[in-house]
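>>> Next one to model:
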Amino acid sequence: MKKSNYMWSHTSYVKFDLNGNEVKVENAEFINKVFPVCLAYNPIATPTVVIKKSILNDKSIRFAEDITFGEDGYLWSILSKKFPVGHLNEFLTHVRITNTNANSRVSSHLEFRSKLYDEIKNNPKFFSVDDMFLDLKLAYRFTYKINKLNLNEGILMKVLYAIPYLIFKKYKIKQKGSFRY
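Reported below is the predicted structural model:
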């Protein structure tokens, strides 16, 4: 961070499950200016992040208290809008994944993205909907509308979420070497 004058950074990490299976997440390409791509795909794990204390002196830069899932991703989006992110390509952290992780449920994705869209729309202190790529705007709007239907986790919810999910997934697929703007 000192050498490249980064205000915050993250590392690669290892995800593991209760059966001992491990997957290395080498996210070295997620560096420099990652906004607005991070609104669609964000491989940063919270325990891998280092932030200069001076950034956190700004009391408005915090985890969103009204977002149940993805509050870390929201904070990384705020930081990435303001500052480029550094990366140390070492596996310094193990992150446990369970079946109860919010990331494994469609309803959690809908809730998080809907609340994030609402926050962006109604409180543009950090960034606005206009900062998003057109396809991301449409995916977030559609996700927001699906979430308002209050569907139970099931086939209909998954079918409706398929279109925005594919748009978000597109950014993950493009990940190799494409985040260095």
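
>>> all helices in this protein, in order from the N-terminus.
53-56, 71-82, 106-122, 134-148, 155-173 (DSSP state H).

>>> Which one of those lies nearest to Val37?
helix 155-173 (5.4 Å; C-beta to C-beta). Heads up, the C-betas are built off the backbone N, CA and C, glycines and all.

>>> Specify the angle between the closest one and helix 134-148 in degrees.
Put simply, helix 155-173 runs at 150 degrees to helix 134-148, going by axes from the mean of the first three to the mean of the last three C-alpha atoms, to 10 degrees.

>>> Only alpha carbons, please: show helix 155-173 as PDB.
Provided in PDB are the C-alpha atoms of helix 155-173 (Å, rounded to 0.1, in the frame of the first residue of the first chain):
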ATOM      1  CA  ILE A 155     -38.800 -21.600  -8.900                       C
ATOM      2  CA  LEU A 156     -40.600 -18.400  -9.900                       C
ATOM      3  CA  MET A 157     -38.100 -16.200  -8.000                       C
ATOM      4  CA  LYS A 158     -35.200 -18.000  -9.600                       C
ATOM      5  CA  VAL A 159     -36.700 -17.700 -13.100                       C
ATOM      6  CA  LEU A 160     -37.400 -14.000 -12.700                       C
ATOM      7  CA  TYR A 161     -33.900 -13.400 -11.300                       C
ATOM      8  CA  ALA A 162     -32.200 -15.300 -14.200                       C
ATOM      9  CA  ILE A 163     -31.900 -12.200 -16.400                       C
ATOM     10  CA  PRO A 164     -30.300  -9.800 -13.900                       C
ATOM     11  CA  TYR A 165     -28.200 -12.700 -12.600                       C
ATOM     12  CA  LEU A 166     -26.800 -13.300 -16.100                       C
ATOM     13  CA  ILE A 167     -26.000  -9.600 -16.400                       C
ATOM     14  CA  PHE A 168     -24.200  -9.600 -13.100                       C
ATOM     15  CA  LYS A 169     -22.400 -12.900 -14.000                       C
ATOM     16  CA  LYS A 170     -21.200 -11.400 -17.300                       C
ATOM     17  CA  TYR A 171     -18.800  -9.200 -15.200                       C
ATOM     18  CA  LYS A 172     -17.500 -12.200 -13.300                       C
ATOM     19  CA  ILE A 173     -16.800 -14.100 -16.600                       C
END
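
>>> other SSEs contacting it?
helix 106-122, helix 134-148 (3 or more C-beta pairs under 8 Å, 6 or more residues apart in numbering; DSSP states H and E).

>>> Against which helices or strands is the first one packed?
Just to be clear, that refers to helix 106-122. Checking 3+ C-beta pairs under 8 Å, 6+ apart, helix 106-122 ends up next to helix 71-82, helix 134-148, helix 155-173.
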